[in-house]
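Enquirer: Have a look at this prediction, sequence included:
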Amino acid sequence: MLFNDSTFIGIDLNSGHRSFTYAALDRDLNLIALADGEMEDVTAFLDGQSTATVAVNAPSGVNRGLVGEGMKKKMLTPYQLRRIELRLAELELREHGINIPRTPATVSACPEWMQTGFALYRKLEKIGFKKYPEPDSALQVLETNSHGCYSVLVGQVPLPQSSLEGRLQRQLILYERGLRIKDPMDFFEEITRYKVTKGDWPLELLYSSAQLDAIIAAYTAWMSVNKAEHILMVGDIKEGRIVLPEKELKGKY
C-alpha cells in the first residue's frame, strides 16, 4: 500500500510471539491503518511507503555496559549486578518511576520478543530506513516505549493495560491528544442494565492493548516530525535512545 503523503507508523511486538501489531497515522492524525501481521506483512507495508517515520515499541539494541562503567572497582553483590544490567535509557526512566523491561548485554540472553525486535530493525535498515533523526532521509525509524509514552502524557503511571480501565484510560489519552480514533466515552453510552446482566459489553468500541501500544508509537513518530521541539530522547546513541512524546520528565511518576 502506497501513501503519497507522509505516514507515521507505530509497531508493537506481541510478547512471546513473532507477530506484530502496527498502526499508521497521516499528518492530520487520522488512523489510516491498523492491523496484525508477521514480519513479512509488516515489511511489505513499510516497503510501500515513500515518506514515513516508524516508531518501534522495542529495544533497538543490547546494553553496552554503559551503566556499569565506573562501577567496575566496586564490590557489588549479585543483586546489585543484576540492577545495572540495563541500558542508560532504561535506568533513566526507572529512576523517574517508569519501570520498563531491562535489556541484557547479549542477544542470546534477550527474550524472544526483543530478538524479534532486533530482526525488525535490521529489516528496516535493509529497505532504506535511517535512524532518527536523519532529516535528509524520507524514511526514518526510532525506538519508543509505550508504557513510558502513556506515563509522560498522563503525568503518572497509567492503570494496567490488561484491565478494562487501563484500555479506556489509554484510548482517552490518545483521543484527547487529537487522534481521530474511536471516542472511548461512547463505550459508556452503550452500557445498559440488560447488557451488563447478560455480560454483553460493547468491547468493539475499544482497541486492544497491542493496538493501543501501536497507536501511541505512531503518535510518537508523528510528534518526532511535526513537533520535534516537544519530544524527549533518553539514553545513549551507542545503545539506542528512547523517544517520548513529551519534552521533559517529572521528578517521579
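Expert: Done, it's in.
Enquirer: What's the per-residue pLDDT of the nearest residue to residue 31 once chain neighbours are set aside here?
Expert: Distances taken as Cβ to Cβ, 6 or more residues apart in numbering place residue 181 nearest to residue 31, at 5.2 Å, with adjacent residues excluded. Backbone N, C-alpha and C define where each C-beta goes, glycine included. Note for residue 181: predicted pLDDT of 98.
Enquirer: show me the residues around residue 181 that make contact.
Expert: Neighbour list for residue 181: 31, 171, 174, 175, 207, 215 [criterion: Cβ atoms under 8 Å, 6 or more residues apart in numbering].
Enquirer: Just want to check the distance between residue 19 and residue 160.
Expert: 22 Å (Cβ to Cβ, to the nearest Å).
Enquirer: same thing with residue 113?
Expert: 19 Å.
Enquirer: So which of those two has more stuff around it?
Expert: residue 113 (18 against 12; other Cβ atoms under 10 Å).
Enquirer: in terms of contact, does the more buried one touch residue 12 like I think?
Expert: No - Residue 113 lies out of contact with residue 12 (Cβ atoms under 8 Å); the separation is 9.9 Å.
Enquirer: Flag the shaky bits of the stretch 1-150 of the chain, pLDDT-wise.
Expert: 1-4, 15-17, 70-83 (pLDDT under 70).
Enquirer: So which residues of it form helices?
Expert: 39-47, 78-83, 88-95, 112-126, 146-154 (DSSP state H, counting those that start in this stretch).
Enquirer: Packed most tightly, which of those helices would that be?
Expert: helix 146-154 (a mean of 23; mean count of other Cβ atoms under 10 Å).
Enquirer: which helices and strands does it pack with?
Expert: The helices and strands touching helix 146-154, judged by 3 or more Cβ pairs under 8 Å, 6 or more residues apart in numbering; DSSP states H and E, are helix 164-176, helix 209-226, strand 242-244.
Enquirer: These: which one's closest to residue 143?
Expert: The closest of the helices and strands packed on helix 146-154 to residue 143 is strand 242-244. By Cβ to Cβ, the value is 5.6 Å.
Enquirer: quick one: strands adjacent to the closest one?
Expert: With DSSP bridges as the test, strand 242-244 is paired with strand 139-144 (parallel), strand 232-234 (antiparallel).
Enquirer: got CSV for these, with mean neighbour count and distance to residue 198 too?
Expert: Supplementary listing: the strands paired with strand 242-244 in CSV, determined by neighbours: other Cβ atoms under 10 Å; distance: least, Cβ to Cβ, whole Å:
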stretch, mean neighbour count, distance to residue 198
strand 139-144, 24, 39
strand 232-234, 17, 46
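Enquirer: mind giving me a markdown table with the ones you listed and columns for distance to residue 202?
Expert: Below are those laid out as a markdown table (distance: least, Cβ to Cβ, whole Å):
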| stretch | distance to residue 202 |
| --- | --- |
| strand 139-144 | 30 |
| strand 232-234 | 36 |
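Enquirer: So which of the ones you listed is nearest residue 55?
Expert: Of all those, strand 139-144 comes closest under Cβ to Cβ, at 4.5 Å.
Enquirer: between the closest one and helix 209-226, how many degrees?
Expert: 120 degrees (axes from the mean of the first three to the mean of the last three Cα atoms, to 10 degrees).
Enquirer: Please state the offset of strand 139-144 from the chain centre?
Expert: A distance of 10 Å separates the centroid of the chain from that of strand 139-144, by Cα atoms, centre = their mean, to the nearest Å.
Enquirer: List the contacts of it.
Expert: Here strand 139-144 has contacts from 10, 49, 51-60, 121, 124-125, 127-134, 216-217, 220-221, 224-225, 240-244, using Cβ under 8 Å, 6+ apart.
Enquirer: let's see it at 6 Å
Expert: Outside strand 139-144, the residues within contact range by Cβ atoms under 6 Å, 6 or more residues apart in numbering are 52-57, 60, 124, 128-130, 132, 134, 217, 220, 240, 242-243.
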